[in-house]
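**Student:** A predicted structure for the sequence below; I have some questions about it.
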Amino acid sequence: MNRSRFVKTTCNRDCPDACSIVAEVAEDRIVRLRGDKDHPVTRGALCFRTRNFLSRHHSADRITQPLLRRGDGFVAISPDDALDLAAEKLQTIRKESGGAAIFHYRSGGSLGMLKEICDAFFGRFGPVTIKVGDICNGAGEAAQIADFGESESHDIFDLHNARHIINWGKNLHVSNVHLIRVVTEARRRGADLTVIDPVSTQSAADADHHFALRPGGDLNLALAVGRRLFEMNLVKPHPACSEQSVTAFRHLCYERSNNAWAKAADVARWEVDHLAECLGDGPTAILIGWGLQRRAFGAATVRALDALCALSGNLGVEGGGCSFYFKRRGAFDTSFLKSGKPPRVIREPFFGEDVLAADAPPIRMIWVTAGNPVAMLPDSAKVAEAFEKTEFTVVVDAFHTDTTRRADLILPVTTLLEDDDLLGAYGHHYLGVSRPVLPPRGDARSDLEWIQGLASRLGMEQDFAGAPREWKERMLRPVCDRGASLEEIERGPVRNPLATRVLFSDGTVPTPDGKIRLLCAEDLPPSALGAEQEEPGGHPVSTPSSEPCELWLMSNSHPRSQSSQWVEEPSGPLEAIVHPDAARGMEEGREVCLHSALGELRVILRFDRRQRRDLVIVPKGGALDRGLAANALIPAKATDLGMGAAYQDTRVRLRPC
Ligand SMILES: Nc1nc2c(c(=O)[nH]1)N[C@H]1C(S)=C(S)[C@@H](COP(=O)(O)OP(=O)(O)OC[C@H]3O[C@@H](n4cnc5c(=O)[nH]c(N)nc54)[C@H](O)[C@@H]3O)O[C@H]1N2
Ligand SMILES: Nc1nc2c(c(=O)[nH]1)N[C@H]1C(S)=C(S)[C@@H](COP(=O)(O)OP(=O)(O)OC[C@H]3O[C@@H](n4cnc5c(=O)[nH]c(N)nc54)[C@H](O)[C@@H]3O)O[C@H]1N2
Ligand code: SF4
Ligand SMILES: [Mo]
């Protein structure tokens with residue numbers, strides 16, 4: 001009889017949930033993945049993409065040997081030869097051109113804390129060129145730090161105390177699935193749920209109310225709600241709000257009439273009133289999504305939502321708050337990884353442009369850790385060109401991507417089931433460890449081991465020595481005496497003992513002057529508010545004879561993929577979901593062209609009458625080389641704070657091919 005054994009590990013993907021996974025192993029093969037029943041958030045369930053990860057993990061396409069470019073293809077080489085070559089290139093380029101000629105780019109392929117050791121290695125070897133900004137949550141995080149001095153969230157279970165929940169742009173059913181249960185429990189206890197999202201998602205369909213506003217209309221809507229709070233006498237400012245800043249926010253809200261704000265946001269007046277009433281009848285929890293801050297005025301939008309919370313008596317109270325991001329690094333000490341100031345930075349949303357423009361010295365080498373920038377960053381074609389024109393590029397990955405296909409050297413890395421790391425979460429406060437369910441396949445190694453191999457060749461062996469457990473213990477020093485030692489976390493998930501359950505409940509905020517900064521007119525260029533006579537956005541209709549109308553390109557998370565990591569790579573063309581009126585004269589199932597100022601993609605049309613008529617929905621994360629990359633259409637454009645990417649501001653048109 002074959003006996004199975006079960007190994008618990010933590011999912012290291014770029015996802016708010018950081019689930020505890022139970023892997024079943026039989027005869028040295030992983031046969032099944034389940035969610036851990038003992039984890040308070042995972043509660044026995046995994047998302048589609050990780051439940052089905054085994055096909056990817058066992059796939060024949062997995063990279064299991066270092067690969068060196070030869071002509072148009074690659075040849076396998078030994079790990080020692082790969083490390084010798086990489087070390088030699090690093091040394092030569094540093095000697096000839098300085099650290100600035102080397103660019104280390106790390107993204108979110110794995111959120112394990114030990115991946116940050118790669119940054120420290122390049123910092124000490126150079127320092128080298130690194131990225132600045134954060135295309136994922138940069139704008140929202142910067143907004144909350146500006147307002148409150150930190151970007152943190154209420155304990156996930158504090159939602160049970162809410163009377164109203166405003167889900168302002170989060171697609172729970174796709175990108176935050178374990179929050180659904182907590183929201184459902186809160187509703188059973190009497191909370192009502194309103195979703196604000198231009199797209200009709202499953203999360204919106206399940207809510208008590210769905211307000212499908214104009215894409216990017218949130219700032220207008222928030223200011224309308226702000227005005228109604230003042231008009232209805234529902235203003236109860238948090239003690240850290242100064243009178244002056246309340247007055248300044250009030251002025252901003254009164255810049256337009258309620259009708260003008262509602263029109264600009266393309267919502268009904270009662271929808272504005274409903275939100276103001278919810279906020280006035282708190283506790284009301286605002287859950288802030290990521291999509292709305294990936295816009296030119298994304299930070300201003302989050303700041304307006306912060307202001308609504310702080311003014312309506314919902315900041316600092318149980319069941320309230322405006323939760324955007326959980327400080328996933330909050331329990332850990334990484335100060336020992338700090339290194340010197342980088343000689344140069346590349347703005348993350350402008351990766352292609354900045355790398356190509358870099359001069360004196362040019363970028364001669366790019367090293368990519370846990371990222372697929374060619375597919376995932378704006379203006380994919382330019383990012384691809386940057387890789388193609390760079391003298392030597394190294395990509396550390398487990399699968400072929402648009403980025404590995406442009407590499408000179410590929411180093412095979414462990415998958416999430418072979419990972420040995422420490423994790424916080426950005427959707428709750430529990431800490432976990434990942435541990436190898438099985439040893440790595442072939443010559444695959446962790447990022448730490450590749451770095452240690454390099455360090456030993458470059459005279460930095462001592463700086464980076466140590467088994468994963470030793471690194472985890474060092475990082476856990478702030479909490480190891482408070483019930484979150486490594487042994488305790490290895491036994492099961494532990495809540496970060498440093499995380500408070502309700503933020504700012506003592507009436508203070510950690511800004512430099514202890515005051516909340518509320519958004520005001522001086523913080524906004526006039527263009528942030530849109531034209532006064534904005535058309536109600538939802539109903540421009542193109543006819544076969546007229547020029548096709550402009551649509552907002554919504555390139556959203558897809559249930560079958562984690563960014564560019566698909567359960568099964570689609571073969572194309574890309575599926576584009578639109579209201580039939582947005583594609584007049586075109587047939588469902590037909591291939592048509594989707595144009596932007598930057599490029600063109602062939603797409604298959606799917607009609608959905610629930611959607612607004614001014615948008616088209618495609619999945620994020622398709623491959624450039626297969627003609628599936630939304631980012632081939634998306635120009636590089638920064639957000640107002642945090643150097644995020646304004647992916648969602650892209651306008652497109654549908655045309656027959
Ligand atoms: N299945 C799956 N899950 C994922 C990911 C994935 O690729 N696939 N990605 C992970 C990553 S990297 C992240 S950062 C997180 C978050 O992943 P995201 O997908 O970025 O976050 P959400 O905020 O849940 O979903 C975006 C929602 O914002 C809405 N939206 C867009 N523009 C606006 C707007 O102007 N106003 C409003 N109100 N809403 C708008 C979209 O319609 C969409 O429903 O999820 C992670 N989870
Ligand atoms: N159009 C559009 N573009 C977007 C977004 C959008 O909403 N619309 N969302 C943006 C967001 S929120 C994000 S976070 C980014 C995500 O952008 P990326 O982080 O670049 O996306 P991933 O596809 O997750 O690519 C990560 C790569 O890391 C590899 N990997 C996995 N684990 C490890 C590991 O342990 N070590 C190493 N070395 N590699 C590993 C994976 O195989 C994968 O190829 O995309 C952004 N791009
Ligand atoms: S990707 Fe997210 S939801 Fe899926 S298993 Fe990992 S942490 Fe859980
Ligand atoms: Mo992200």
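**Tutor:** Everything's here; your move. Ligands and ions are numbered 1, 2, ... in the order given.
**Student:** Pass me the low-pLDDT residue ranges in this protein, would you?
**Tutor:** 1-2, 533-547 (pLDDT under 70).
**Student:** State which helix of it is the longest.
**Tutor:** helix 79-97 (DSSP state H).
**Student:** Sort out which residues of that helix are buried, please.
**Tutor:** Neighbour-count burial for helix 79-97, counted by 16 or more other C-beta atoms under 10 Å, picks out 79, 82, 83, 85, 86, 87, 89, 90, 93, 94, 97. (Glycine included, C-beta is placed from N, CA and C.)
**Student:** right, is that helix up against ligand 2?
**Tutor:** No - Helix 79-97 is not in contact with ligand 2 by C-beta under 6 Å from any ligand atom; minimum separation 13.6 Å.
**Student:** can you list the residues that contact that helix?
**Tutor:** By C-beta atoms under 8 Å, 6 or more residues apart in numbering, the surrounding residues in contact with helix 79-97 are 66, 68, 77, 101-102, 125-126, 361-362, 364-365, 391-392, 394, 409, 411, 443, 445, 450, 453-454, 457-458.
**Student:** So which of those residues are in helices?
**Tutor:** Per DSSP H, helices hold the following members of the contacts of helix 79-97: 125, 450, 453, 454, 457.
**Student:** Closest to residue 341 out of the residues you listed?
**Tutor:** residue 125 (14.4 Å; C-beta to C-beta).
**Student:** from memory the closest one sits against residue 459, does it?
**Tutor:** No - in this structure, residue 125 is not within contact of residue 459 by C-beta atoms under 8 Å, at 9.7 Å.
**Student:** So which of the two has more stuff around it?
**Tutor:** Between residue 125 and residue 459, counted using other C-beta atoms under 10 Å, the more crowded position is residue 125 (23 against 10).
**Student:** got the contact list for the more buried one?
**Tutor:** When contacts are counted by C-beta under 8 Å, 6+ apart, residue 125 touches 90, 94, 99, 458, 460.
**Student:** Next: residue 178.
**Tutor:** 16, 17, 19, 41, 42, 43, 45, 427, 428.
**Student:** 6 Å instead, please
**Tutor:** The contact partners of residue 178, taken as C-beta atoms under 6 Å, 6 or more residues apart in numbering, are 17, 41.
**Student:** where's it relative to ligand 2, distance?
**Tutor:** Per C-beta to the nearest ligand atom, to the nearest Å, residue 178 is found 18 Å from ligand 2.
**Student:** Residue 493 too?
**Tutor:** From residue 493 to ligand 2 the distance is 20 Å (C-beta to the nearest ligand atom).
**Student:** got it, and residue 79?
**Tutor:** 15 Å.
**Student:** same question, residue 424
**Tutor:** Distance, residue 424 to ligand 2, using C-beta to the nearest ligand atom: 16 Å.
**Student:** just the helices in the stretch 201-350 of the chain please.
**Tutor:** In the stretch 201-350 of the chain, the helices defined using DSSP state H, counting those that start in this stretch lie at 202-205, 218-231, 243-253, 258-265, 269-280, 298-311.
**Student:** can you redo those helices as JSON lines with mean neighbour count and distance to ligand 2?
**Tutor:** Shown next, in JSON lines, are the helices of the stretch 201-350 of the chain (neighbours: other C-beta atoms under 10 Å; distance: least, C-beta to the nearest ligand atom, whole Å):
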{"stretch": "helix 202-205", "mean neighbour count": "18", "distance to ligand 2": "16"}
{"stretch": "helix 218-231", "mean neighbour count": "25", "distance to ligand 2": "16"}
{"stretch": "helix 243-253", "mean neighbour count": "18", "distance to ligand 2": "29"}
{"stretch": "helix 258-265", "mean neighbour count": "22", "distance to ligand 2": "22"}
{"stretch": "helix 269-280", "mean neighbour count": "21", "distance to ligand 2": "25"}
{"stretch": "helix 298-311", "mean neighbour count": "29", "distance to ligand 2": "12"}
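**Student:** where along the stretch 551-657 of the chain do the strands fall?
**Tutor:** In the stretch 551-657 of the chain, the strands defined using DSSP state E, counting those that start in this stretch lie at 551-556, 561-562, 565-566, 574-578, 591-595, 600-607, 615-619, 651-656.
**Student:** Would you reformat these as TSV and include distance to residue 219?
**Tutor:** Listed next are these as TSV, based on distance: least, C-beta to C-beta, whole Å:
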stretch	distance to residue 219
strand 551-556	15
strand 561-562	30
strand 565-566	33
strand 574-578	25
strand 591-595	27
strand 600-607	29
strand 615-619	18
strand 651-656	18
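**Student:** would you turn those strands into CSV with distance to ligand 3 and mean neighbour count?
**Tutor:** Below are these laid out as CSV (distance: least, C-beta to the nearest ligand atom, whole Å; neighbours: other C-beta atoms under 10 Å):
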stretch, distance to ligand 3, mean neighbour count
strand 551-556, 16, 23
strand 561-562, 6, 22
strand 565-566, 10, 20
strand 574-578, 22, 22
strand 591-595, 28, 19
strand 600-607, 25, 18
strand 615-619, 16, 23
strand 651-656, 29, 18
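**Student:** The stretch 301-450 of the chain against ligand 2: which residues are in contact?
**Tutor:** So the stretch 301-450 of the chain meets ligand 2 at 369-373, 376, 396-399, 401, 413-414, 419, 447 (C-beta under 6 Å from any ligand atom).
**Student:** from those, which ones fall inside helices?
**Tutor:** Reading helices off those with DSSP H, I get 373, 376, 447.
**Student:** Just the closest of those residues to residue 247, please.
**Tutor:** Using C-beta to C-beta, those come closest to residue 247 at residue 376, 42.6 Å.
**Student:** What's the local residue count around the closest one?
**Tutor:** Neighbour tally, residue 376, other C-beta under 10 Å: 27.
**Student:** could you measure it against residue 279, distance?
**Tutor:** From residue 376 across to residue 279, the span is 36 Å (C-beta to C-beta, to the nearest Å).
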